[in-house]
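**Student:** could you work out the structure for the sequence below:
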Amino acid sequence: MAEAFLRKYAGDRFDVYSAGLEPTEIHPYTRKVMEEAGLDMSGQSAKGLQQYLGKVHFAYLITVCSRADQLCPIFPGMGQRLSWPFEDPAVLEGSPEQKLDKFRRVRDQMEQRIQQWLSELSQEPKIGQTQGSAPTHS
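**Tutor:** Below is the predicted model:
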């Protein structure tokens, strides 16, 4: 979900990748709720961290669950690490409609968090700019 939203809202600002600790497949309910939000995930697949370790430099590493935050390795040359722990809707027990509702809630929370973060980034002063009357030093 995070990859799809980052591509939607900031795809021109970042090269966006996603990976899991133990990837198998993208949950069918994830695909369904993202389609409801107008995002086609047909080109996305579940990928493991090993695909990127030591091969890609990340300015930001964002973990979206507490387990991933605890177990995710340090990437060489990694920039800032952010932890946004969302509930894992795939582990919810209940009826199909209850499960879909949980996926929708997590989807909406994730979309809101990504938009908030991108807004915060756009408000940060760039190197060489001033904020108020205090100069920014590099």
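**Student:** alpha carbons only for contacts and neighbour counts from here, please
**Tutor:** OK.
**Student:** the chain: helices as residue ranges?
**Tutor:** With DSSP state H, the ranges of helices along the chain come out as 2-10, 28-36, 66-71, 96-123.
**Student:** test my guess that Y60 contacts M78.
**Tutor:** Yes: shown here, Y60 and M78 form a contact pair, counting by Cα atoms under 8 Å, at 7.0 Å.
**Student:** could you measure M1 against G54, distance?
**Tutor:** 24 Å (Cα to Cα, to the nearest Å).
**Student:** more neighbours: the two, which one.
**Tutor:** More neighbours surround M1 than the other of M1 and G54, with 21 against 11 (other Cα atoms under 10 Å).
**Student:** dump the residue contacts of the nearest residue to H27 once chain neighbours are set aside.
**Tutor:** Once flanking residues are discounted, H27 sits nearest to A90: 7.5 Å by Cα to Cα, 6 or more residues apart in numbering. Shown in contact with A90 (Cα atoms under 8 Å, 6 or more residues apart in numbering): 27, 99, 103.
**Student:** quick one: which of the helices of the chain has the weakest pLDDT on average?
**Tutor:** In terms of average pLDDT, helix 66-71 trails the rest of the helices of the chain, at a mean of 64.
**Student:** and C65, how many neighbours?
**Tutor:** Neighbour count of C65, defined by other Cα under 10 Å: 14.
**Student:** which residue comes closest to it once chain neighbours are left out?
**Tutor:** In space, C65 is closest to P85, 4.1 Å off (Cα to Cα, 6+ apart).
**Student:** okay, that neighbour and D15: tell me how far apart.
**Tutor:** Relative to D15, P85 is positioned 22 Å away (Cα to Cα).
**Student:** quick one, which of those two is more surrounded?
**Tutor:** Applying other Cα under 10 Å to P85 and D15 shows that P85 carries more neighbours, namely 15 against 12.
**Student:** does the more buried one touch Q109 like I think?
**Tutor:** No: using Cα under 8 Å, P85 makes no contact with Q109, being 10.6 Å away.
**Student:** what's the closest of the helices of the chain to Q50?
**Tutor:** Among the helices of the chain, the nearest to Q50 by Cα to Cα is helix 66-71 (13.3 Å).
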